[in-house]
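In: Quick one: sequence and predicted model below, then my questions.
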Amino acid sequence: MSNQAAEVQPSETPQPPPPGGIAYWPASLGVCTTLLALDHLTKWLAIAHLKPEWWGVASPTAAMWADRPRVVLIPEFLQLQYAENLGAAFSILYGHTFLLGIVSLVATGLLVWFWRSLPANEIYGRIAVAMVLSGAIGNMIDRLFRGYVVDFIDAHWFYKAHWPTFNVADSAICVGAVIISIRFLKGKI
């Protein structure tokens with residue numbers, strides 16, 4: 001009888017939760033599709049309202065560059081202005097659209113695998129991975145169907161310190177990566 005009691009006793013060391021598989025998939029799918037739709041809606045609006053008529057047709061002069069349509073949101077800090085990125089973040093691998101499309105496809109597969117391997121109770125990590133996934137898919141669609149990524153959010157500090165132009169997909173990737181990093185540092189992932 002004492003052997004049975006010893007077997008019933010829980011172990012002293014806490015066990016990590018098992019991988020969650022598809023736990024919280026409706027929330028993750030909702031975040032991913034909402035951000036993907038928002039990304040492409042804003043890109044469509046940027047093309048419709050911010051892309052100059054001469055873009056891609058004429059060699060722009062300094063005057064043409066200066067006359068590009070822009071919407072100032074916060075003076076001296078944030079504006080909307082059309083740009084096309086033939087590379088990845090910070091124009092890395094500029095002009096290698098096919099390679100970047102393949103990298104995006106592989107990254108998408110790895111993100112889905114990572115999402116499925118997270119603990120079942122890790123909703124914040126799952127939502128963060130869904131955010132990164134939406135950004136990767138959004139920019140991959142641009143690369144595959146347009147040959148470039150549409151960027152339009154232009155942040156700068158009094159026009160001196162200038163951050164590369166970005167889009168909603170890039171924002172989702174960055175915010176999701178920060179959340180994943182925080183969850184990792186807290187030992188949750």
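Out: Structure's in. What do you need?

In: what about Phe152, helix or strand, and which?
Out: Phe152 is located in strand 149-157, with elements delineated by DSSP states H and E.

In: quick one, helices of this structure?
Out: For the chain, the helices identified by DSSP state H occupy 2-8, 25-50, 62-66, 97-117, 123-145, 168-185, in order along the chain.

In: right, so these: which one is the most enclosed?
Out: Comparing the helices of the chain by mean neighbour count (mean count of other CB atoms under 10 Å), helix 123-145 comes out on top with a mean of 22. In short, each C-beta sits where N, CA and C put it, glycine included.

In: any idea of the mean pLDDT for that helix?
Out: For helix 123-145, the mean pLDDT works out to 92.

In: tell me how far that helix is from the chain's mean position?
Out: With CA atoms, centre = their mean, to the nearest Å as the basis, the distance from the averaged C-alpha position of helix 123-145 to the chain average is 5 Å.

In: and what of stretch 111-118?
Out: The gap between where stretch 111-118 is centred and where its chain is centred comes out at 16 Å by CA atoms, centre = their mean.

In: likewise stretch 37-44?
Out: Going by CA atoms, centre = their mean, the spacing between the C-alpha centre of stretch 37-44 and its chain's C-alpha centre is 13 Å.

In: what does it rub up against?
Out: With CB atoms under 8 Å, 6 or more residues apart in numbering as the test, stretch 37-44 has contacts from 134-135, 138, 141-142, 150, 152, 167-169, 172.

In: If we use 6 Å, what do you get?
Out: Residues from elsewhere that reach stretch 37-44, judged by CB atoms under 6 Å, 6 or more residues apart in numbering: 138, 150, 168-169.

In: Which strands and helices lie in contact with the strand holding Phe152?
Out: For strand 149-157, the contact count by 3 or more CB pairs under 6 Å, 6 or more residues apart in numbering; DSSP states H and E identifies helix 25-50, strand 78-85 as packing neighbours.

In: Let's see it as CSV, backbone CA atoms only.
Out: Taking C-alpha atoms only, strand 149-157 is exported to CSV below (Å, rounded to 0.1, in the frame of the first residue of the first chain):
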residue,chain,number,x,y,z
VAL,A,149,7.0,46.1,-51.0
VAL,A,150,4.8,49.2,-50.7
ASP,A,151,6.0,51.4,-47.8
PHE,A,152,4.3,54.7,-46.7
ILE,A,153,4.9,55.5,-43.0
ASP,A,154,7.7,58.0,-42.8
ALA,A,155,9.2,58.8,-39.4
HIS,A,156,11.9,61.3,-38.8
TRP,A,157,13.2,63.7,-36.2
